[in-house]
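1. Sharing a sequence plus its predicted fold:
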Amino acid sequence: MTVYLVGAGPGDPGLLTRRGAELLSRADVVVHDRLSAHELLSLAPPHAELIDVGKAPKRHRLAQAQINELLVQRGGAGEEVVRLKGGDPFVFARGSEECAALEAAGVPYEVVPGVSSALAVPAYGGIPVTQRFSSTSFTVVTGHEDPSSGEGTVDWDAVARTGGTIVILMGVGRWPLIAERLLAAGRDPDTPAAAVRWGTRPEQRTVRATLATLADHELESPSVIVVGAVAAERFDWFERRPLSGRRVVVTRARAQASALAERLRGMGAVVVEAPSIEPTLPSDGGAAIRDAVDRIGTYDWFVLTSPVGVARTFDLIPDVRVLAGVKVAVVGTGTDAALRRCRVAADLVPERFIAESLLEAFPQPPGEGGRVLVAVAENAGALLPDGLTERGWTVDVAHPYRTAPVPLDDETIAAVARADAVTFTSSSTVTNLLDAVGDSGIPPVVVTIGPVTSATAVERGLSVTAEADPHTIDALVDALVDSLT
């Protein structure tokens, strides 16, 4: 087996390389540091052991020598070990020291380069490190030098004389001294300077000033500092996104949350994943849905109300030809898309993506009567089957799954309370999140996917800020943006 030193990039999980993602997906052990994006850890298999060796100013979980020993131990034991390092392993990340320890111990290793914060963070801050004719070179230098080196080993006089753009990593703590050295070496006090904190992450913030005045601003780690004419540029594509820096809670089941979470992250939000429900086996173990599927051909209509219901039901259908002569109705575009992935086109998709709209659009039964199979979650409401029965249909209800509450840890509960908004996509997400965090732990902006979910929220004492119209994930995002901007 091998130890892989994988560059995690500067923070945006989308900047991880394909090779890095592949290795994470099969890791036995992931040794990660503080600057690795938390979302990347979800790429590791469920069985993988996650070991946090993160370093913060004046606080180290493990010293570097202990990290080296850990890698040698676990790699030498025959495990697939991913050492996930912020940025690039060989750019001020002590990757060479870890390689040297593995080399000395005879443990196989591989280095997987990552996107360096030296380039990515300025780009996300709207700062090009070079420009034709004006800034034709850039120098990358660390501001966090070996404390045993006294005044330091960086020749700041030479750096200042080089010209072009200076990119300083880990320099916040020593910035006043660094600025003084650059000024003393002849750099113009009015030279533009900028500090980009938490670059490439939703909470990114950029401070712009000059070489002489940047120290007058409150600077915090981790920041990348850029000095040079290019620091005056403001290509602020990243921080102009509509949800930039806003914290939004996603309560969907983890398997369904990724599309919504990615949409929100793409718009700049910090996503707090608090899955309050998860699909599980119905209380009958699935006996009713199996029996219904065995005689699916006896029904006139087959009604599905969720993508999970589609997936669980079609796992039991060996050949879609058994649906010949059976019409299929669905609630919502997500359910329709899931059905199409099973190579089945719905005969009825209502204009509004709620059960009431399906009832309005559903045909009357034929003169001799007709039969409908409704596949819904066990703890879903009875509105749809009751409504069809009132119209004269003979209705069988079978449960491919039920939703169960998911316990939330203290860290997630605290993150929910700090958020700006929460999204609810079903009544059960409302009920279960409130049971987990209490009324006082709900963010001030509440956005729901439809009237049934809104009614549950109001019954539980919440004030609904906005409701998606139409009742889709895309409209939910639009309503959220309108509520927060």
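-> Everything's here; your move.
2. can you list contacts of stretch 362-382?
-> 279, 282-283, 289, 292, 296, 298-306, 308-309, 313, 329, 348, 355, 384-385, 388, 391-403, 427-428, 452 (Cβ atoms under 8 Å, 6 or more residues apart in numbering). Using the backbone N, CA and C atoms, a C-beta is placed for each residue, glycine as well.
3. That one: how far from the chain's middle?
-> 37 Å (Cα atoms, centre = their mean, to the nearest Å).
4. Please apply the same query to stretch 299-308.
-> 31 Å.
5. repeat for stretch 113-132
-> With Cα atoms, centre = their mean, you get 22 Å for stretch 113-132.
6. Show me the domain layout of this protein.
-> 3-114, 119-232, 247-276+406-484, 280-403 (automatic domain parsing).
7. Please produce CSV containing those domains, extended by mean neighbour count.
-> Listed next are the domains of the chain as CSV, based on neighbours: other Cβ atoms under 10 Å:
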stretch, mean neighbour count
domain 3-114, 19
domain 119-232, 18
domain 247-276+406-484, 19
domain 280-403, 17
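8. Distance to residue 239 for those domains - can I get that in TSV?
-> Converted to TSV, those look like this (distance: least, Cβ to Cβ, whole Å):
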stretch	distance to residue 239
domain 3-114	13
domain 119-232	6
domain 247-276+406-484	8
domain 280-403	31
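9. any chance of those in a markdown table, with distance to residue 238 and mean pLDDT too?
-> Formatted as a markdown table, these follow (distance: least, Cβ to Cβ, whole Å; pLDDT from 0 to 100):
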| stretch | distance to residue 238 | mean pLDDT |
| --- | --- | --- |
| domain 3-114 | 9 | 90 |
| domain 119-232 | 5 | 91 |
| domain 247-276+406-484 | 7 | 90 |
| domain 280-403 | 29 | 90 |
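10. quick one on the thing from earlier: in strands only, show me the contacts of stretch 362-382.
-> 279, 301-304, 329, 394-398, 402-403 (DSSP state E).
11. just checking, what packs against the helix or strand in which residue 446 is found?
-> Assigned by DSSP states H and E, residue 446 falls within strand 445-448. For strand 445-448, the helices and strands in contact under the criterion 3 or more Cβ pairs under 8 Å, 6 or more residues apart in numbering; DSSP states H and E are strand 421-424, helix 451-459, strand 466-467, helix 473-484.
12. Quick one: those as CSV, columns for distance to residue 124 too.
-> Below are the helices and strands packed on strand 445-448 laid out as CSV (distance: least, Cβ to Cβ, whole Å):
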stretch, distance to residue 124
strand 421-424, 23
helix 451-459, 35
strand 466-467, 29
helix 473-484, 21
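13. do you know which of the ones you listed lies nearest residue 213?
-> helix 473-484 (32.5 Å; Cβ to Cβ).
14. outside of the closest one, which residues touch it?
-> Contacts for helix 473-484 (Cβ under 8 Å, 6+ apart): 242-243, 246, 248, 259-260, 263-264, 267, 334, 420-421, 423, 425, 445, 447-449, 465-469.
15. Over to stretch 389-398?
-> Counting by Cβ under 8 Å, 6+ apart, residues outside stretch 389-398 touching it are 288-289, 291-292, 299, 301, 359, 362, 364-365, 369-376, 385, 388.
16. End to end on that stretch, go ahead and measure it.
-> Chord length of stretch 389-398, first to last residue, is 15 Å (Cα to Cα, to the nearest Å).
17. Check stretch 467-476 too.
-> 7 Å.
18. quick one: that stretch to chain centroid distance?
-> Worked out by Cα atoms, centre = their mean, stretch 467-476 lies 20 Å from the chain centre.
19. Same question for stretch 98-107.
-> Using Cα atoms, centre = their mean, the offset of stretch 98-107 from its chain centre is 34 Å.
20. Residues touching stretch 259-273, excluding its own?
-> 201-203, 238-239, 241-250, 252, 254, 257, 412, 415-416, 419, 423, 425, 473-474, 476-477, 480-481.
21. in the stretch 51-200 of the chain, which spans are helices?
-> 64-76, 95-105, 117-124, 156-162, 175-184 (DSSP state H, counting those that start in this stretch).
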